[in-house]
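> Generate coordinates for the sequence data below:
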Amino acid sequence: MRILGLDYGSKRIGVAVCDELGMTAQGLATIARKNRQQDLAEIARFIRTYNVEKIVIGYPIRLDGTEGIQCEKVGKFASILESAFSLPIIKWDETLSTKEAEEILIRANMRRDKRKNIVDRVAASLILQGYLDDQDRRNKSQ
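Residues are numbered from 1 along each chain as shown. Down below sits the predicted model:
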């Protein structure tokens, strides 16, 4: 089963997909947000291309465990995705995923201007990989 991972933001949406075995996540693209219709068209293209059966979207829970305004925005977008594509949408805790993605790119000695263009897709792959790893742990413990 192919799963799409999304890192939803006000300016960009990072996109990742897992391999057919559901073991590893790979960053695909960063969608520069324009309007809802174009954003959904871009996501639809990935769903068709990769035959996606589920979407995992980063859910930015605060460090104290509470939900803030961004959680509300992600929740609304998740509902829109569910209506548009009739696929299961999983909201996955993405706490500090963008910070972790930035640190990975800094350690790779990537220049700041290049980091800006790919940090969201790296964050999407971290979100999706976290979900995949959790599913693997659950399957092994059964």
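> the longest helix in this protein is where?
helix 112-141 (DSSP state H).
> Could you give me the buried positions within that one?
115, 118-132 (16 or more other Cβ atoms under 10 Å). Just so you know, the C-beta spots here come from the backbone N, C-alpha and C atoms, and that holds for glycine as well.
> Closest one of the residues you listed to Ile13?
Checking those against Ile13 with Cβ to Cβ, the nearest one is Asp120 at 6.8 Å.
> thinking Gly22 is in contact with Ile3, fair?
Yes - counting by Cβ atoms under 8 Å, Gly22 does reach Ile3; the two are 6.5 Å apart.
> Give me the more crowded residue out of the two.
Comparing Gly22 with Ile3 by other Cβ atoms under 10 Å, the one with more neighbours is Ile3, at 23 against 18.
> Parallel or antiparallel, list what pairs with the helix or strand hosting that one.
Here Ile3, judged by DSSP states H and E, is contained in strand 2-8. Using DSSP bridges, strand 2-8 pairs in its sheet with strand 12-18 (antiparallel), strand 52-59 (parallel).
> Show me what the longest one is in contact with.
To tie it back to what came earlier, the one meant is strand 52-59. Identification of contacts with strand 52-59 by Cβ atoms under 8 Å, 6 or more residues apart in numbering yields 1-8, 17, 46, 71, 74-75, 77-78, 81, 85, 87-94, 97, 123-124, 127-128, 131.
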